[in-house]
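> Show me the folded form of this:
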Amino acid sequence: MDKFELQKLRDLPIEGVAERLGLQVKMHKALCPFHADNHPSLSFSVRRNTFRCFVCGASGGTIDLVMKHLNKDFKEACRWLADEHNVILDEWKPQLSTVNSQLSTFNAARYERFFEHPYLSPEARKFLFDERRIDPRVVRWCRLTSWKDKKGVNWLQIPYYDRKGKLVGIQNRNLRGKEQGARSKEGAAPRFRFPSGSQCGIYNLPVLNLLHEGENLYITEGSSDCWAMLSAGHKAIAIPSATLLKPKDVELLSTLHAQRSTHFHMFPDNDEPGERLFLQLQKVLPNLEHHQLPQGCKDFSEYYLSTQRKIPQPSL
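From the prediction side, this is the model:
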């Protein structure tokens, strides 16, 4: 893990990390989980992106908070943060020299054949159709497939294509869950894995070629929400997270707004990072429309599930 990757984890919003850990943050304060606290004494500095308890003295940044709250070592805390915020870490890629790591590129030819004839294992079908109720047409459009590694862990393989349909990256999702992953010397398998050089930026870019002048486009957080939005009948893209929106992504979205009069819509996740992402996007997309999720739904996937009835698994 290099300094750049560590900085991405340290730059994650401290209050958002605290909320994902189960702390209730109000007015930049929360009950301190490190001592018997009856009045909120854990304070957050948004400007410095740090926490500090003025009673027990606990302090630090995002990684420190995870280490102390979940009783994890440094590497485990980094993996947890990466899993929760979809940050790509090189530690799950082949070990290369520092020079070669910086020059590594994604070998699309090695993986393209897996998506020519996608295969869904029983575990993948259960996840997509029983648990997520994703429309089979969306699964085919996104070319989702699955595979099992030597340790018996089932992975959903999610391809990322550029606007021209070129494979530029792959996100592998652990279907056994981040708490039930296969054990190794390094511990449990991560929630996500990425082949070396993967460029997992905006997801589902090919859908932009189907947009008509002035049509609606929904922006979601993560591929799961994107599948749900597509299954609901909307054209949609997804971005990795509020902290990983790249300048070239902003430029692309701005161009759609300026040249195609695209109307942008978003159901932000019901948490601080989701709202922060909306405000960040609204600066470059003035016509971005905010849609409020119902009470109790943390993201659009949950909202979509609440509107669906269980249907038999299709034959793909």
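
> now do the same end-to-end measure for stretch 201-219.
In stretch 201-219, first residue to last residue: 13 Å (CA to CA, to the nearest Å).

> what about that stretch, average pLDDT?
Across stretch 201-219, the average pLDDT comes to 93.

> For that stretch, which residues meet the burial criterion?
201-205, 207-208, 217-219 (16 or more other CB atoms under 10 Å). C-beta here means a position set from N, CA and C on the backbone, and glycine is covered the same way.

> In these, find the pair that's most separated.
Maximum pairwise distance among these (CB to CB): 17.1 Å, between Gly201 and Tyr218.

> who touches Asp73 in this structure?
Met67 (CB atoms under 8 Å, 6 or more residues apart in numbering).

> Next one: it from Ile63, what distance?
With distances taken as CB to CB, to the nearest Å, Asp73 is found 11 Å from Ile63.

> Between these two, which contacts overlap?
Between them, Asp73 and Ile63 share no contacting residue, judged by CB under 8 Å, 6+ apart.

> Regarding the chain, what is its longest helix?
helix 247-260 (DSSP state H).

> could I have that helix exported to CSV, CA atoms only?
Extracted in CSV, the C-alpha atoms of helix 247-260 (Å, rounded to 0.1, in the frame of the first residue of the first chain):
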residue,chain,number,x,y,z
PRO,A,247,-11.7,15.6,-12.6
LYS,A,248,-12.2,13.8,-15.9
ASP,A,249,-15.5,12.4,-14.6
VAL,A,250,-16.6,15.9,-13.6
GLU,A,251,-15.7,17.1,-17.1
LEU,A,252,-17.7,14.3,-18.7
LEU,A,253,-20.8,15.1,-16.7
SER,A,254,-20.5,18.8,-17.3
THR,A,255,-20.3,18.2,-21.1
LEU,A,256,-23.5,16.2,-21.0
HIS,A,257,-25.2,19.0,-19.2
ALA,A,258,-23.9,21.7,-21.6
GLN,A,259,-24.1,19.9,-24.9
ARG,A,260,-27.0,17.4,-24.5
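
> Give the buried residues for it.
Burial within helix 247-260, assessed by neighbour count using 16+ other CB under 10 Å, is assigned to 249, 252-253, 256-257.

> Adding pLDDT, write these out as a markdown table.
Below are these laid out as a markdown table (pLDDT from 0 to 100):
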| residue | pLDDT |
| --- | --- |
| Asp249 | 80 |
| Leu252 | 85 |
| Leu253 | 85 |
| Leu256 | 86 |
| His257 | 80 |
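
> okay, now the domains of the protein?
As assigned by automatic domain parsing, the chain contains the domains 3-84, 90-94+107-193, 205-306.
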